[in-house]
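**Q** 3D, please:
(one chain, ligands or ions: 1)
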Amino acid sequence: MKTRITELFGIQHPIIQGGMHYVGFAELVAAVSNAGGLGIITALTQKTPSDLAKEIARCHEMTDKPFGVNLTFLPTVSTPDYPGYIDAIIDGGVNIVETAGRNPQAYLPKLQNAGVKIMHKCTSVRHAVKAEKIGCDAVSVDGFECGGHPGEDDIPNMILLPRAEEELTIPFVASGGMADARSLVASLSLGADGISMGTRFIATKEAPVHENVKKAIVAASELDTRLIMRPLRNTERVMNNPAVERLLEKEAALGKNIKFEDIIEEVAGMYPRIMRKGEMDAGAWSCGMVAGLIHDIPTCKELIDHMMSEAEKIIRNRLLGMLS
Ligand SMILES: Cc1cc2nc3c(=O)[nH]c(=O)nc-3n(C[C@H](O)[C@H](O)[C@H](O)COP(=O)(O)O)c2cc1C
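**A** Sure, this is the predicted structure:
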């Protein structure tokens, strides 16, 4: 399949694996890229720029296909060494970066002068328009369904994607709630040039996370996620568990007076415990509503090949069939 996204990134299929904390390691990234999609390493999971450089080198050893790096600009207490991570990306020969969180404008000139293509992740049309205006090459539009941070506007993809198409001229991918060929064809119909998936790629053989995480996603339904940190305007969609219920009780009790310190026990430093050790009730971890559509743990190649062949069937048989 050829779209503006496959052309921009030099990939075979318009399927991207979004950056994911403690999931986006070389094993998964290379598996997605080797299957013809675009894998993305999560920079901030690597403690230092030199660790990121090593992870990029490891990924180059596992694939000769294009892959990217996610740089997330989140409101954190101590600012990560972004210039150092950017040097690691450029020196490592990576020429695709997915930025997320705050406006990436300050970092664009250096990356783009080095030939790096930028896809900025946005949860609203106004931020997508801004991304286009500051010179991003593409955007990833994340609907309210998405795992992770859906923003504060709560607009689902059925509205957000066609709105993005109305306003943007640069290519965009649909993200949030994407699981299979139906998601892909629907997104293309709504104006996107491809899709990006997070939660779906965690439940794959190559995802280097504990089996408990994969099993939890397969077992979950579309009713099993919760929104946390709304009162802090840092909303995150996570898998429900006892720690999340405790956190939500604190939010209800403390109301507007809640501070990050009040919920630190449920959110801080959870990812290694959950993703590595499989302690599923340790705290909150990002997960999309799309868990309800995930029923198996295939390899990335099985998943992507199946999606592409089913997408062709939907287009050629189901949709064209309706016209004849
Ligand atoms: C476990 C997990 C961790 C994530 N970590 C990040 C991150 O560090 N940076 C980022 O930009 N997005 C992150 N995301 C969001 C994904 O890149 C993607 O936008 C989102 O998962 C799409 O929604 P879906 O899960 O419904 O596919 C994360 C998502 C999950 C599920």
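**Q** contact residues of this protein facing the ligand?
**A** 18-21, 23, 42, 70, 72, 100, 121, 142, 145-148, 175-178, 197-200, 285-288, 290 (Cβ under 6 Å from any ligand atom). Glycine gets a C-beta too; all of them are placed from N, C-alpha and C.
**Q** quick one, helices of the stretch 151-300 of the chain?
**A** 157-167, 181-189, 199-202, 211-219, 242-254, 264-267, 270-271, 300-313 (DSSP state H, counting those that start in this stretch).
**Q** tell me the mean pLDDT for the shortest one?
**A** Summarised as a single mean, pLDDT over helix 270-271 is 95.
**Q** about what we covered before: for the helices of the stretch 151-300 of the chain, which one ends up most surrounded?
**A** helix 199-202 (a mean of 28; mean count of other Cβ atoms under 10 Å).
**Q** what's that one in contact with?
**A** Helix 199-202 is contacted from outside by 17-18, 20, 23, 28, 32, 147, 178-180, 207, 209, 213-214, 217, 287-288, 290-291, 293-294, 300, 303, using Cβ atoms under 8 Å, 6 or more residues apart in numbering.
**Q** repeat that for stretch 9-17.
**A** 1, 3, 5-6, 24, 28-29, 32-33, 35-40, 65-66, 68, 96, 98, 117, 140, 173, 184, 188, 193-198, 201, 300, 304, 307-308.
**Q** quick one: which of these sit in strands?
**A** Cross-referencing these against strands under DSSP state E gives Gly39, Ile40, Gly68, Ile96, Glu98, Lys117, Ser140, Val173, Ile195, Ser196, Met197.
**Q** in JSON lines: the residues you listed, plus pLDDT and neighbour count.
**A** Formatted as JSON lines, those follow (pLDDT from 0 to 100; neighbours: other Cβ atoms under 10 Å):
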{"residue": "Gly39", "pLDDT": "99", "neighbour count": "31"}
{"residue": "Ile40", "pLDDT": "98", "neighbour count": "29"}
{"residue": "Gly68", "pLDDT": "98", "neighbour count": "28"}
{"residue": "Ile96", "pLDDT": "98", "neighbour count": "24"}
{"residue": "Glu98", "pLDDT": "98", "neighbour count": "31"}
{"residue": "Lys117", "pLDDT": "98", "neighbour count": "18"}
{"residue": "Ser140", "pLDDT": "98", "neighbour count": "31"}
{"residue": "Val173", "pLDDT": "98", "neighbour count": "30"}
{"residue": "Ile195", "pLDDT": "98", "neighbour count": "30"}
{"residue": "Ser196", "pLDDT": "98", "neighbour count": "30"}
{"residue": "Met197", "pLDDT": "98", "neighbour count": "33"}
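**Q** that'll do, ta.
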